[in-house]
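Q: Need coordinates for the below:
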Amino acid sequence: MSSEEQVSKEAEEMVSTISTDMIVDPERTDVLDEVVVRSRWDLKDVTFIIPLRIETEDRLRNIVTVLIYLLRNFDTNVIVKEVDKHSEFEKCAMPMLEAALEDFQLEGLTHIFEQSDEFTFHRTKILNDMLWMVETPIVVNYDSDILLPKASYAYATNLIRNGYTREDGDTFYPKLVYPYGNGTYQAQIYTNDEEVTEFLNNYFKFEVFKKWRSYDAKYGFCQWFDTEEYKRLGGENEGFVAYGYEDDERHYRFAMLSNVARIDENIFHLEHKRSSNSWFNNPHIEDNRKLWKKLKSCNKQELQVYYDHVSYAKLRKAIPVT
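A: Next comes the predicted model:
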């Protein structure tokens, strides 16, 4: 086992893995009941933050699908920050959303556009820009191509809200929740316009997706946070640029310094074409690896000192949100 795998294993051992029957009482609420499935659930105390660049047609289809899924199913808040040369979201995605969603559903959506000619997509910085705008007690770091079973959104939210009772009778309050299992819990979905249309028009039945494969899931995709704890521990580490190792470091940091839980449920990833901004051939990968190597060698006290003094976090914490 490599040193990196050993660090990840030790951090994962600090995570509480939770079955769904420990979160809700199925005798009280049948989340598979047809009436429940078709209702819009109250997640007004949650904000989803989604960094975005629409580079390909499948990424456009994915963000539209994800936003319709979130805003039809939940009374919630979604911030999308798009950074690009021009706004593909405003030009292409917004007309489709306006056609598919009612006005009261669209009220939960905030789109921010930042014009930039920079090729590198600084995802961690963009997420922090949104995080420090959030006014709800729960925030979700959410990729633009991710779907969960509807019940998982409620399970993860309720864990942050209320914690759960352990066998010894004590209540455990996680500050970070992974709403999917560690292992082959990812379904990679290869789809098309026709299947997505059927999915959106047929109460989001995942069975319409015919081409998919089971794959590994670890630390990326989406995570539920207690908003203030997320900020206290630095939000996203802006030293990680483009793609690579930021998910591993975030998991290690919160496992060491906070309370983390994981729900053994599935997660669905809408596949897409990738540029170097979302793969290991980006020019920042070696610097990212060096930063992860440095931080995974820190003990609990050293890690806390680092995040108390790292410059980007100190600056964000010092500037009041207006």
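Q: L295 versus D145, what's the distance?
A: 27 Å (Cβ to Cβ, to the nearest Å). In short, each C-beta sits where N, CA and C put it, glycine included.
Q: In contact with the nearest residue in space to E118 that is not next to it in sequence: list those residues for me.
A: In space, and not counting its chain neighbours, E118 is closest to V83: 7.9 Å by Cβ to Cβ, 6 or more residues apart in numbering. Shown in contact with V83 (Cβ atoms under 8 Å, 6 or more residues apart in numbering): P51, L52, R53, F113, E114, S116, E118, F121, H122, I126.
Q: Mind checking which of those residues land in strands?
A: Judged by DSSP state E, those include P51, L52, F113, E114 as members of strands.
Q: Just put the residues you listed in CSV and tack on neighbour count, pLDDT and distance to E194.
A: Output for these, formatted as CSV (neighbours: other Cβ atoms under 10 Å; pLDDT from 0 to 100; distance: Cβ to Cβ, whole Å):
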residue, neighbour count, pLDDT, distance to E194
P51, 24, 97, 28
L52, 25, 97, 24
F113, 16, 98, 30
E114, 11, 97, 34
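Q: Out of the residues you listed, flag the one nearest to D103.
A: Set against D103, the nearest of those by Cβ to Cβ is F113 (21.1 Å).
Q: what bridges to the residue nearest to E118?
A: Beta bridges link V83 to E114 when assigned by DSSP bridges.
Q: any idea how far I263 is from K294?
A: 31 Å.
Q: could you dump stretch 193-207 to CSV, C-alpha only?
A: In CSV, the C-alpha atoms belonging to stretch 193-207 read as follows (Å, rounded to 0.1, in the frame of the first residue of the first chain):
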residue,chain,number,x,y,z
ASP,A,193,-31.0,14.0,-25.6
GLU,A,194,-33.8,11.5,-26.1
GLU,A,195,-33.1,9.7,-22.8
VAL,A,196,-32.7,12.9,-20.8
THR,A,197,-36.0,14.2,-22.2
GLU,A,198,-37.7,11.0,-21.0
PHE,A,199,-36.1,11.3,-17.6
LEU,A,200,-37.2,14.9,-17.1
ASN,A,201,-40.7,14.2,-18.3
ASN,A,202,-41.3,10.9,-16.5
TYR,A,203,-40.8,11.9,-12.8
PHE,A,204,-37.0,11.4,-13.0
LYS,A,205,-37.0,7.6,-13.3
PHE,A,206,-33.4,6.5,-13.5
GLU,A,207,-34.4,3.3,-15.3
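Q: For P51, which non-adjacent residue is closest in space?
A: Closest to P51 by Cβ to Cβ, 6+ apart is I126, at 4.2 Å.
Q: per-residue pLDDT, the one you found?
A: According to the prediction, I126 has pLDDT 96.
Q: That one: neighbouring residues, count only.
A: 22 (other Cβ atoms under 10 Å).
Q: which residues touch it?
A: With Cβ under 8 Å, 6+ apart, I126 has these contacts: P51, K81, V83, E114.
Q: Spit out the contact partners of T227.
A: Here T227 is in contact with T47, L131, V134, T136, P137, I138, V139 (Cβ under 8 Å, 6+ apart).
Q: Contacts for the helix or strand containing L315, please.
A: In this structure, L315 sits in helix 311-318 according to DSSP states H and E. Residues outside helix 311-318 that contact it (Cβ under 8 Å, 6+ apart): K125, N128, W132, K231, G234, G235, E238, G239, Y307.
Q: what comes up buried for it?
A: Y312, A313, R316 (16 or more other Cβ atoms under 10 Å).
Q: the strands in the chain, which residues?
A: Using DSSP E, strands in the chain cover 16-18, 41-52, 74-84, 109-115, 138-142, 146-147, 164-165, 171-172, 176-178, 183-189, 212-217, 222-226, 260-263, 267-270.
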